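> Prediction below, plus the sequence it came from.
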Amino acid sequence: MKFSKIANDYIKFAETKGKPQSIRSIKSRINNYILPYFEKFMIEDITPFIYLDWQNEINRKGFSYKYKKSLHYTMVSIYNFANKFYSYENNIASKVGNFSNSYDIPREIDIWTNEEFNHFISYVNEPIYKALFTFMFYTGCRLGECLALTFNDLKDNVININKTISKEFINGKRQITTPKTKKSIRKIHIDNLLKNELNNLHDYYIINIGYFKNDFYIFGAIKPLAPTTIERKKNNYCKIANIKQIRLHDFRHSHASLLLSNKIPITAISNRLGHSDINTTLTTYIHLIPDDEKRVINTLNSLRLN
């Protein structure tokens, strides 16, 4: 059996099971970094050493360990598919194992401090974008989660996160889907100033649209804001404010850093961000956790003196 046929059949199978964003990622991994190497092989001709050669080639591309791991587990899934539907039992990917992370250099996370964000937001003079950037910084929500929110999801000081907007277009519209993981379905408490800022959008929409409905998108009203427009606005306001550029996703990282610097427990941060487990939070933000060694020593000295 040709490996390329099995890989393409696996894509068709995955399309019936996964979310659009997940399917897009699977296709990208297979078409860009798996098939170019393995398409010439029959599946039974792929040996452990051929698989190791592929891993070495991927290592030379300088990808993060997280991305290399996703490539490996895609290969494992293709072999599992071959076993289930073609009775091929030799899972070379599982036998060889995952990439090593011994030499992986974590990507530097760009963040803003609370002071930097306040400087940035003071230059944002458009109410919708001002509210969106503030919401992202002080909740840590993913952009897709923010754009899927309606005013029905806002109850007093609590936001109900239970959906996201896919990057995929179907019939010219982005699709509303469930969040990234089950833990991503969560309720987030927001501060009073942010609640007031969101509520002020009621009047803004009445003035600019002529009416208001509770099923309006919080950030966009009749239809959500476009991510490309949000990115462009953010970049423009960064230039005006003369502040370093960070990605939209780095607003989420900035929120985590803000909480860590104020001694909020990592478990609470993990729940607030909607991570699948606490290890994800620790792996991502361990280097941002304040150094408490001095506090430890001061505590021990105090205990021994007593």
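Right, received. Where do you want to start? Keep in mind it's a predicted model, so treat the numbers as computed, not measured. Residues are numbered from 1 along each chain as shown.

> In the stretch 151-300 of the chain, mark out all the strands, start to finish.
154-155, 158-161, 164-170, 173-177, 186-189 (DSSP state E, counting those that start in this stretch).

> Ok, which of those comes nearest Thr74?
strand 164-170 (18.8 Å; CB to CB). Every C-beta, even on glycine, is put in place using the N, C-alpha and C of the backbone.

> so what's Phe151 up against?
Neighbouring residues of Phe151 by CB atoms under 8 Å, 6 or more residues apart in numbering: 202, 213-216, 218.

> ok, these vs Gly62, which is closest?
Ile218 (39.0 Å).

> and the next element down the chain from the strand or helix carrying Lys69?
Counting by DSSP states H and E, the element that carries Lys69 is helix 65-86. Downstream of helix 65-86, the first helix or strand assigned by DSSP H and E is helix 92-96.

> Show me what that next one is packed up against.
helix 48-59, helix 65-86 (3 or more CB pairs under 8 Å, 6 or more residues apart in numbering; DSSP states H and E).

> so which of these is the most packed in?
helix 65-86 (a mean of 17; mean count of other CB atoms under 10 Å).

> residues contacting the residue nearest to Ile269 when sequence neighbours are not counted?
Among residues not flanking Ile269 along the chain, Leu259 sits closest, at 5.1 Å (CB to CB, 6 or more residues apart in numbering). Neighbouring residues of Leu259 by CB under 8 Å, 6+ apart: 140, 268-269, 272.

> export the helices and strands packed on helix 92-96 to JSON lines and tack on mean pLDDT and distance to Val124?
Formatted as JSON lines, the helices and strands packed on helix 92-96 follow (pLDDT from 0 to 100; distance: least, CB to CB, whole Å):
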{"stretch": "helix 48-59", "mean pLDDT": "96", "distance to Val124": "41"}
{"stretch": "helix 65-86", "mean pLDDT": "95", "distance to Val124": "32"}
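
> Specify the stretch among those helices that is closest to Thr150.
Of those, nearest to Thr150 by CB to CB is helix 65-86, at 32.2 Å.

> show me the contacts for Phe81.
6, 9-10, 13 are the contacts of Phe81 under CB under 8 Å, 6+ apart.

> The residues you listed, buried ones only, as a PyMOL selection?
Buried subset of the contacts of Phe81, written as a PyMOL selection, criterion 16 or more other CB atoms under 10 Å:
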select buried, resi 6+9+10
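
> Now stretch 159-174: average pLDDT?
The average pLDDT for stretch 159-174 rounds to 78.

> Next, the contact list for the one residue sitting closest to the centre of the chain, please.
Per CA atoms, centre = their mean, the C-alpha nearest to the average position across the chain is that of Arg142, at 6.3 Å. Contact analysis of Arg142 by CB under 8 Å, 6+ apart lists 164, 179-180, 184, 249, 252, 274.

> what's the spacing between it and Leu273?
Going from Arg142 to Leu273 by CB to CB, to the nearest Å gives 9 Å.

> what sits in contact with each of those two?
Arg252.

> Apply the buried test to the contacts of Arg142 and list what passes.
164, 179-180, 184, 252, 274.

> ok so, going back, by pLDDT, give me the weakest of the contacts of Arg142.
Lys180 (72).

> and the helix or strand hosting Leu303, what's its mean pLDDT?
When elements are assigned from DSSP H and E, Leu303 belongs to helix 293-305. In this model, helix 293-305 carries a mean pLDDT of 71.

> do stretch 224-242 as well
96.

> Only C-alpha atoms, please: export that stretch in PDB.
This file holds the C-alpha atoms of stretch 224-242, laid out as PDB (Å, rounded to 0.1, in the frame of the first residue of the first chain):
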ATOM      1  CA  PRO A 224     -18.200  39.900  14.800                       C
ATOM      2  CA  LEU A 225     -15.100  42.000  14.000                       C
ATOM      3  CA  ALA A 226     -12.700  40.500  11.400                       C
ATOM      4  CA  PRO A 227      -9.400  39.200  12.900                       C
ATOM      5  CA  THR A 228      -7.400  40.800  10.100                       C
ATOM      6  CA  THR A 229      -9.000  44.200  10.900                       C
ATOM      7  CA  ILE A 230      -8.300  43.700  14.600                       C
ATOM      8  CA  GLU A 231      -4.600  42.900  13.800                       C
ATOM      9  CA  ARG A 232      -4.300  46.000  11.600                       C
ATOM     10  CA  LYS A 233      -5.900  48.200  14.300                       C
ATOM     11  CA  LYS A 234      -3.600  46.800  17.000                       C
ATOM     12  CA  ASN A 235      -0.500  47.300  14.900                       C
ATOM     13  CA  ASN A 236      -1.500  50.900  14.100                       C
ATOM     14  CA  TYR A 237      -2.200  51.800  17.700                       C
ATOM     15  CA  CYS A 238       1.100  50.300  18.700                       C
ATOM     16  CA  LYS A 239       2.900  52.600  16.300                       C
ATOM     17  CA  ILE A 240       0.900  55.700  17.500                       C
ATOM     18  CA  ALA A 241       1.700  54.800  21.100                       C
ATOM     19  CA  ASN A 242       5.300  54.100  20.300                       C
END
